[in-house]
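Asks: Whatever this is, show me its structure:
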Amino acid sequence: MLTPRLCEPQEQFELLKEGIGLTNAASRTTSGSGDLRKGDFAGAAGRLEQMARELAPEWIAFVGKEAYRGAFGERPSLGVQERRLGDTRLFVLPSTSPANAAVSWWERGRWFFELAARVYGRPPRDAVRALVLDPSNRVLLVRFDDELGRWWSTPGGGVEADETDARALARELGEEVGLHELELGPLIWTREHWLVNPHRWGGQRERHYLVRTPAFEPEPAFSAEELRAEGVDEARWFTAEELGGLTLAPQRLPALVRDLLEHGPPPEPIDAGV
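Replies: The predicted structure is shown next:
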């Protein structure tokens with residue numbers, strides 16, 4: 001992510017070697033953000049402006065909305081802020097406090113990965129994925145294990161510079177699930193998101209196509225080692241009802257599948273969200 005390894009709290013000054021510095025917005029620590037008062041942030045905005053002017057960091061990130069609101073007196077949304085300190089961009093992350101239990105690890109993680117991708121300046125890549133349905137309307141998904149944990153998504157991958165979407169999807173489906181003969185259906189969804197591995201690329205612009213196929217047992221062309229290098233660990237069929245118990249990308253996949261099965265492919269591609 002932002003550092004090549006997990007650092008211990010006492011190693012905070014070692015982060016300077018990675019071009020990362022840590023500071024506080026409030027003048028004291030409390031058991032929760034609700035215990036902070038306006039006076040605890042006295043001078044915070046001026047101090048941050050001075051740091052931006054003298055040190056010229058590309059980004060200043062606030063861990064929690066309260067840190068930003070305390071410094072500047074305005075309620076932010078998560079992500080990139082319109083306000084700048086000179087040439088320094090500002091970014092608000094979700095709080096990592098255990099008290100912020102309403103925000104899942106997945107949701108917190110994706111904001112940190114977005115920040116990392118922006119810091120490293122990695123460009124997004126084009127990608128294609130397939131909603132593969134068999135005659136019983138089961139959905140074929142692949143499983144990933146990475147920094148965000150274990151999650152499932154539709155099969156697919158990046159589009160090479162000289163590839164059409166159809167060729168790229170045929171290649172990816174052959175490699176990941178062993179589907180070599182397919183008829184490409186309509187474009188049903190689009191999705192833009194930040195990736196888990198910003199050292200390779202920063203984001204991904206996906207086009208999702210509908211593919212209907214006879215039932216088959218997934219037998220990837222890639223070896224298990226090659227698949228693991230791509231982050232893929234397993235391919236399985238699921239009923240639409242079983243999707244609700246999975247960690248998925250996009251997160252709205254169960255609702256998107258239900259809508260497609262009920263109403264058919266949309267007249268225009270739908271934004272699938274994160």
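Asks: hey, let's count contacts and neighbours off CA atoms from now on
Replies: Fine.
Asks: measure stretch 155-166 end to end?
Replies: End-to-end span of stretch 155-166 (C-alpha to C-alpha, to the nearest Å): 13 Å.
Asks: neighbouring contacts of that stretch?
Replies: With contact meaning C-alpha atoms under 8 Å, 6 or more residues apart in numbering, stretch 155-166 is reached by 125-131, 140-142, 168-169, 172-173, 176-177, 184.
Asks: which parts of that stretch are buried?
Replies: Neighbour counts over stretch 155-166 (16 or more other C-alpha atoms under 10 Å) mark 155, 156, 157, 158, 159, 165 as buried.
Asks: ok, and what's touching stretch 213-220?
Replies: The contact list for stretch 213-220 (C-alpha under 8 Å, 6+ apart) reads 132-135, 174-179, 182, 235-236.
Asks: For residue 8, state which of those is nearest.
Replies: Nearest to residue 8 out of those is residue 235 (C-alpha to C-alpha; 36.2 Å).
Asks: Can you get me a residue count around the residue lying closest to the closest one once chain neighbours are set aside?
Replies: Excluding its sequence neighbours, the residue lying closest to residue 235 (C-alpha to C-alpha, 6 or more residues apart in numbering) is residue 142, at 4.3 Å. Residue 142: 20 surrounding residues under other C-alpha atoms under 10 Å.
Asks: Quick check: residue 142 vs residue 18, distance?
Replies: From residue 142 to residue 18 the distance is 35 Å (C-alpha to C-alpha).
Asks: just to revisit the earlier point, wait, isn't the residue nearest to residue 235 in contact with residue 238?
Replies: No: distance between residue 142 and residue 238: 10.5 Å, which falls outside the contact criterion (C-alpha atoms under 8 Å).
Asks: which other helices and strands contact the strand or helix carrying residue 81?
Replies: Assigned by DSSP states H and E, residue 81 belongs to strand 79-85. If you count contacts as 3 or more C-alpha pairs under 8 Å, 6 or more residues apart in numbering; DSSP states H and E, strand 79-85 packs onto helix 44-55, strand 88-93.
Asks: what kind of secondary structure is residue 23 in?
Replies: Here residue 23 is recorded as coil under DSSP: H, G, I helix; E, B strand; the rest coil.
Asks: Sorry, wrong one. I was asking about residue 243.
Replies: Per three-state DSSP, residue 243 ends up helix.
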